[in-house]
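Undergrad: coords please:
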Amino acid sequence: MKKNIVFIGGGGHSLVCADIINQSNNLILAGFVDIDKNALLSKKGYECLGEDQDLEILAKKYKYFFITFGQIKSPHKRIKVFKNILEVGGCFPVLKSNFSYVSPSVEVGKGSLIMNGCVVNSYASIGQNCIINSNSVIEHEVKIESHVHIAPSAIILGNATIKEGTFIGAGSIIREGVTIKKNSVIKAGDRVMQDLL
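TA: Alright, predicted model coming up:
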């Protein structure tokens, strides 16, 4: 029997998350929470269940939640919502596309998302509440801390460390062994060849 999940956010990012839910054998999208009840997800036939202030009430009816808005300049809103949901008793599953490859040796924290076309190789680790966006490559032994957003087609080479709250832009390349400090913003297409501490 499929379990209901509630999305927090009904914009563009939620549409792709909904596709991944539709690939799932054990989850079904019950609806979403957004300040705009006519957000994009509603136009695809999903129900708006309320706004952020309704999350505590919804957590009494639903167990599973997922944050379906991204981050660029700051992870603070995603972190705040993540903590709030845990405080009211909600749970965050890992969402992983059937069209990605994740090595069996990889550890993935709750509330993280692995999108279509991603490759996550041996002994990498991904923290909580992360976005590993479409066609990203996370190589062997990479450590991605919590609340990190890896944008589409970014490449993180072996043994690199991406610290908490960082945004890695689309198409960027992070050299092997490099450490990126907490809350960094790496622009689209950048090549990072040395530590950013």
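
Undergrad: dump the residue contacts of the spatially most central residue of the chain.
TA: By CA atoms, centre = their mean, the chain has its centre lying nearest to Ile131, at 2.7 Å. Going by CB atoms under 8 Å, 6 or more residues apart in numbering, Ile131 touches 70-71, 112-113, 115, 148-150. (Each C-beta comes from the backbone N, C-alpha and C, glycine too.)

Undergrad: Over to Ala151?
TA: 133, 136, 167-172, 188.

Undergrad: can I assume Ile79 sits in a helix?
TA: Yes - under DSSP: H, G, I helix; E, B strand; the rest coil, Ile79 sits within a helix.

Undergrad: any weak-confidence spans in the protein?
TA: Residue ranges of the chain with pLDDT under 70: none are present.

Undergrad: Going by residue numbers, what spans are helices in it?
TA: Ranges of helices in the chain, per DSSP state H, are 12-23, 40-43, 55-61, 76-87.

Undergrad: Throw these into TSV and include mean neighbour count and distance to Val6, thanks.
TA: Formatted as TSV, those follow (neighbours: other CB atoms under 10 Å; distance: least, CB to CB, whole Å):
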stretch	mean neighbour count	distance to Val6
helix 12-23	17	11
helix 40-43	18	11
helix 55-61	15	6
helix 76-87	16	9
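
Undergrad: Including distance to Ser122, could the ones you listed go into TSV?
TA: As requested, the helices of the chain are exported to TSV (distance: least, CB to CB, whole Å):
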stretch	distance to Ser122
helix 12-23	23
helix 40-43	36
helix 55-61	36
helix 76-87	27
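
Undergrad: out of the ones you listed, nearest to Pro104?
TA: helix 12-23 (19.0 Å; CB to CB).

Undergrad: tell me the domain boundaries of the protein?
TA: 3-87, 94-191 (automatic domain parsing).

Undergrad: which one of these is the most hemmed in?
TA: Scoring the domains of the chain by mean neighbour count under mean count of other CB atoms under 10 Å gives domain 94-191 as the most buried, with a mean of 20.

Undergrad: how about Ser24, phi and psi?
TA: phi -80, psi 140 (degrees, to the nearest 10).

Undergrad: before we move on, the earlier item: just send the domains of the chain back as a markdown table, with distance to Leu197 too.
TA: Formatted as a markdown table, these follow (distance: least, CB to CB, whole Å):
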| stretch | distance to Leu197 |
| --- | --- |
| domain 3-87 | 19 |
| domain 94-191 | 5 |
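
Undergrad: which ones are touching Asp19?
TA: So Asp19 contacts Asn116 (CB under 8 Å, 6+ apart).
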